[in-house]
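Student: Mind looking at a prediction? Sequence and model below.
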Amino acid sequence: MTSIHTPQVRDETSPPGDNDPTAFWLHDTALELGAEAAVAQEFARTGQLRLNDVLLCVQPRSDEPDDWLALARIERPLGVDHERWCQVLLDANGSLMLLAPWTFTIDDEGAALLVLRVPPSHFGDAVMLCGSLFGLLCTAEGLVQGLVEPQAAASPPAGATAGARSTANEDAAAIGAAIKASMAQPAFTAPMQALVRHAVKALGGDEAAQRQVIEQCSLRVGPVDIAVVADIEGHALVLSADFGPDAITGARDAAAVLAGNLDLLGLAGLAMGRLAGRVMLLGRWDVDEAPDDGEERAALFAAWLIDFAELSQAIGAAATAGRRHSFVGRRSI
């Protein structure tokens with residue numbers, strides 16, 4: 001499993017200078033979050049900041065100066081067993097891609113990591129990074145609050161395993177209903193429709209096939225059916241491919257899926273989550289309002305769809321065969 005590496009951007013604790021853009025960016029971000037000067041200096045040095053019970057971390061994803069991951073780490077709440085924790089995180093992942101390119105994973109200690117790929121355009125912009133970190137913080141805290149408060153109110157007796165399973169099922173049902181409601185609301189924007197039509201054409205589809213994808217929010221790439229919907233804000237297409245009913249089941253599989261999500265998001269910008277009781281591969285494709293190279297972008301999107309379909313097939317086949325290895329495919333898409 002990929003671990004969190006603390007970015008050592010500075011050795012001093014003094015305020016950063018203009019010649020240290022990364023530290024300056026992190027320092028100003030902490031101030032935007034309301035941190036005191038000493039805390040901001042520490043964040044500039046280590047890339048780590050604790051707010052409430054959540055550890056926020058900003059770390060480089062590669063050697064490129066504008067390639068970063070932002071993470072929120074939160075411990076499993078007391079009274080919530082590991083199996084339920086993994087199931088809830090997996091269900092939550094089913095809806096997260098509708099909001100942003102982020103996902104829940106777990107570390108070696110069983111804590112949840114909510115991981116976000118920071119858009120390259122946000123490097124150096126403290127306000128934008130502050131917004132991303134605040135979103136991570138609120139989402140992580142909201143997940144725990146949703147688990148702890150009902151549990152405290154119910155106060156089930158020790159050994160009430162049937163009630164625990166019922167509560168987990170209720171969690172999944174509630175999240176599933178929210179996912180369906182969210183996915184039913186957004187409509188394709190005109191640029192999204194143009195992108196999808198050009199991509200389907202590049203894949204060999206005629207006008208009827210292009211209209212069908214727009215109307216049914218689904219397209220077939222080889223043997224793989226891919227659902228396509230607009231994200232909540234209308235800035236990206238969100239895609240999902242079902243691994244099949246027998247591919248990933250049980251607590252052990254759920255934990256393996258979550259552990260693999262850190263590498264999967266970091267390497268390919270994808271994640272695995274559960275929608276309507278089925279584990280799926282999820283991804284996003286950003287859509288520009290008025291691109292000058294629309295057909296070229298559509299060709300790239302079509303190629304990406306082929307890789308997405310092949311990767312979902314590979315993961316589904318490996319999981320069904322029961323092979324216990326990393327779920328990250330060999331191809332980087």
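Tutor: That came through fine. Nothing here was measured: the structure is a model prediction, and the numbers come from that model.

Student: ranges for the helices of the stretch 151-300 of the chain?
Tutor: Assignment of helices within the stretch 151-300 of the chain using DSSP state H, counting those that start in this stretch yields the ranges 161-184, 190-202, 207-216, 250-268, 294-321.

Student: Tell me the buried residues in the last one?
Tutor: For helix 294-321, a neighbour-count test (16 or more other Cβ atoms under 10 Å) marks 297-299, 301-302, 304-316, 318-319 as buried. All C-beta spots, glycine's among them, are computed from the backbone N, C-alpha and C.

Student: related to what we said a few turns ago, out of the helices of the stretch 151-300 of the chain, which comes closest to residue 136?
Tutor: helix 250-268 (13.1 Å; Cβ to Cβ).

Student: Can you give me the buried ones in the closest one?
Tutor: For helix 250-268, a neighbour-count test (16+ other Cβ under 10 Å) marks 253-262, 264-266, 268 as buried.

Student: what do you get for stretch 128-140?
Tutor: So, applying 16+ other Cβ under 10 Å, buried residues of stretch 128-140: 128, 129, 130, 132, 133, 135, 136, 137, 139, 140.

Student: tell me which element the residue lying closest to the second one once chain neighbours are set aside is part of?
Tutor: So the one you mean is residue 129. Once flanking residues are discounted, residue 129 sits nearest to residue 29: 4.6 Å by Cβ to Cβ, 6 or more residues apart in numbering. Residue 29 belongs to helix 21-32 when assigned by DSSP states H and E.

Student: Next SSE downstream of that helix?
Tutor: helix 37-46.

Student: Longest strand of this structure, counting residues only.
Tutor: What stands out as the longest strand in the chain, according to DSSP state E, is strand 278-286.

Student: what's the burial count for residue 230?
Tutor: By the criterion of other Cβ atoms under 10 Å, residue 230 has 21 neighbours.

Student: Can you lay out the buried residues of helix 250-268 as TSV showing pLDDT and distance to residue 218?
Tutor: Putting the buried residues of helix 250-268 into TSV (pLDDT from 0 to 100; distance: Cβ to Cβ, whole Å) gives the following:
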residue	pLDDT	distance to residue 218
253	78	26
254	82	26
255	86	30
256	85	28
257	86	23
258	91	27
259	89	30
260	88	26
261	92	24
262	88	29
264	91	23
265	91	24
266	87	28
268	89	22
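
Student: so can I have CSV of those showing distance to residue 232?
Tutor: Formatted as CSV, the buried residues of helix 250-268 follow (distance: Cβ to Cβ, whole Å):
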residue, distance to residue 232
253, 29
254, 25
255, 28
256, 29
257, 24
258, 23
259, 27
260, 25
261, 20
262, 24
264, 22
265, 19
266, 23
268, 22
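
Student: show me where pLDDT drops low in the stretch 51-200 of the chain?
Tutor: 148-185 (pLDDT under 70).

Student: what about 50?
Tutor: By pLDDT under 50, the low-scoring segments of the stretch 51-200 of the chain are 152-168, 171-172, 174-183.

Student: Strands along that one, start to end?
Tutor: 54-60, 68-74, 102-106, 112-118 (DSSP state E, counting those that start in this stretch).

Student: Tell me how far the shortest one lies from the chain's centre.
Tutor: Going by Cα atoms, centre = their mean, to the nearest Å, the spacing between the C-alpha centre of strand 102-106 and its chain's C-alpha centre is 6 Å.

Student: helices or strands up against it?
Tutor: With contacts defined as 3 or more Cβ pairs under 8 Å, 6 or more residues apart in numbering; DSSP states H and E, the packing partners of strand 102-106 are helix 82-96, strand 112-118, helix 250-268, strand 271-275.

Student: same deal with the first one?
Tutor: Identification of packing neighbours for strand 54-60 by 3+ Cβ pairs under 8 Å, 6+ apart yields strand 48-51, strand 68-74, helix 126-154.

Student: Save these as a markdown table, and put in distance to residue 199 too.
Tutor: Output for those, formatted as a markdown table (distance: least, Cβ to Cβ, whole Å):
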| stretch | distance to residue 199 |
| --- | --- |
| strand 48-51 | 40 |
| strand 68-74 | 28 |
| helix 126-154 | 28 |
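
Student: Show the contacting residues for the closest residue to residue 285 other than its chain neighbours.
Tutor: Once flanking residues are discounted, residue 285 sits nearest to residue 237: 4.6 Å by Cβ to Cβ, 6+ apart. Residue 237 is in contact with 192, 195, 196, 228, 229, 230, 231, 284, 285, 287, counting by Cβ atoms under 8 Å, 6 or more residues apart in numbering.

Student: Closest one to residue 67 out of those, please.
Tutor: For the contacts of residue 237, the nearest to residue 67 is residue 284 (16.9 Å; Cβ to Cβ).

Student: Read off the pLDDT value for that closest one.
Tutor: Residue 284 carries a pLDDT value of 94.
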